[in-house]
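K.L.:
pasting a predicted model and its sequence here:
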Amino acid sequence: MKPYLPPEGGLLVAIGVALGILFTVSAAQSAETKRVSVAQASPFLDLRIVAEADNKPWTYSENRRPTGFVTEIVEEIASRLGSDRIEIVMEPWARAYQYLTAGPKTMIFSVGRNANRENLFHWVGPVAIHIAYLYARAGSGLSVNNLEDAKKLGIIGVHRSSGGAQILEQQEFTNLFPVTDDLQNVKMLLRGRIDAMPGVPRNMRRRLNEVGESMESVEPLFIISEAGVYIAFSMDIDSSVVERWQQMLDELKSDGFFGRAEQRWGIN
């Protein structure tokens with residue numbers, strides 16, 4: 001019995017399919033080898049990078065892409081460290097902060113550095129300085145000059161896991177109402193549902209604009225804190241990686257890239 005031989009056209013197709021499979025496997029192996037090689041040389045090995053999704057102009061998402069002043073700084077550092085493209089996961093602040101505290105090997109930006117957080121993370125920065133105030137509605141008539149006075153207020157709205165919230169929690173405030181979106185606090189403040197809320201002037205202005213109001217609608221009562229804003233790394237990340245990030249940030253500041261980025265984003 002003669003062995004079966006496919007028609008000439010079928011044979012060519014079979015050969016083409018076989019070669020395609022071999023090429024695909026070879027390409028996949030090559031890509032995997034390249035990926036492993038890059039990962040071994042990269043400071044981003046097993047590093048999850050997370051940013052707050054709605055914190056203009058520092059970090060936010062536009063057309064489903066991460067952007068913002070600190071985002072640009074992080075991407076430039078990554079480029080100078082040899083990674084042309086990094087994946088940035090955009091999350092609401094409370095969830096992003098939870099990722100950082102839970103790990104493993106997580107970096108988020110940007111994070112206010114304060115006494116509560118000092119020993120929880122590695123720090124690279126600063127990338128900004130934030131002065132936080134306690135705000136009330138304009139014309140509220142509240143006489144609040146310090147933290148002890150603020151403890152006597154009815155309700156203070158706070159952004160969950162934010163620096164302002166943590167400072168007030170550390171001072172054993174019992175009148176805090178935490179929410180996951182600071183815009184909700186602004187709305188409640190204007191409607192009289194809360195007496196006050198902590199905030200940074202730039203963020204307050206943006207949130208007020210979103211509801212058709214201006215800074216004239218609120219009044220600062222007193223300064224809660226003045227803190228540097230940093231890129232934060234979970235403690236299981238090797239210190240040599242953190243040191244390289246800090247070196248590159250210092251380089252960005254010394255060669256003028258950082259200052260030019262500040263101008264582009266209207267910082268300071």
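P.N.:
That came through fine.
K.L.:
hang on, isn't F177 packed against G154?
P.N.:
No. Shown here, F177 and G154 do not form a contact pair, counting by CB atoms under 8 Å, at 9.7 Å. C-betas here are computed from N, CA, C, even on glycine.
K.L.:
ok, the two, which is more surrounded?
P.N.:
Counting neighbours by other CB atoms under 10 Å for F177 and for G154 shows that F177 has the greater number, 16 against 10.
K.L.:
surely that one is in a strand?
P.N.:
Yes. Assessed with DSSP: H, G, I helix; E, B strand; the rest coil, F177 lies in a strand.
K.L.:
quick one: residues contacting it.
P.N.:
Contacts for F177 (CB atoms under 8 Å, 6 or more residues apart in numbering) come out as 155-158, 188, 194.
K.L.:
in the sheet, who's paired with it?
P.N.:
Beta-bridge pairing of F177 under DSSP bridges involves G157.
K.L.:
and it, how far from D54?
P.N.:
20 Å (CB to CB, to the nearest Å).
K.L.:
tell me the spacing between M215 and A115.
P.N.:
29 Å.
K.L.:
between the two, who's got more neighbours?
P.N.:
M215 (14 against 11).
K.L.:
burial check on the residue lying closest to L153 once chain neighbours are set aside, number of neighbours?
P.N.:
Of all residues beyond its chain neighbours, the one nearest L153 is D195 (4.4 Å), with distances taken as CB to CB, 6 or more residues apart in numbering. D195 has 23 neighbours, counted by other CB under 10 Å.
K.L.:
OK, contacts around D195?
P.N.:
Per CB under 8 Å, 6+ apart, neighbours of D195: 136, 140, 142, 153-156.
K.L.:
show me which of those is closest to S79.
P.N.:
Lowest distance from S79 to the contacts of D195 (CB to CB) belongs to I156, with 41.8 Å.
K.L.:
in CSV, list the contacts of D195 along with secondary structure, distance to M204 and pLDDT.
P.N.:
Below are the contacts of D195 laid out as CSV (DSSP: H, G, I helix; E, B strand; the rest coil; distance: CB to CB, whole Å; pLDDT from 0 to 100):
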residue, secondary structure, distance to M204, pLDDT
A136, strand, 12, 98
S140, coil, 15, 94
L142, coil, 16, 94
L153, coil, 18, 97
G154, coil, 20, 96
I155, coil, 18, 97
I156, strand, 15, 98
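K.L.:
any chance of these in TSV with distance to L81 as columns?
P.N.:
Conversion of the contacts of D195 to TSV gives the following (distance: CB to CB, whole Å):
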residue	distance to L81
A136	45
S140	49
L142	49
L153	47
G154	49
I155	46
I156	41
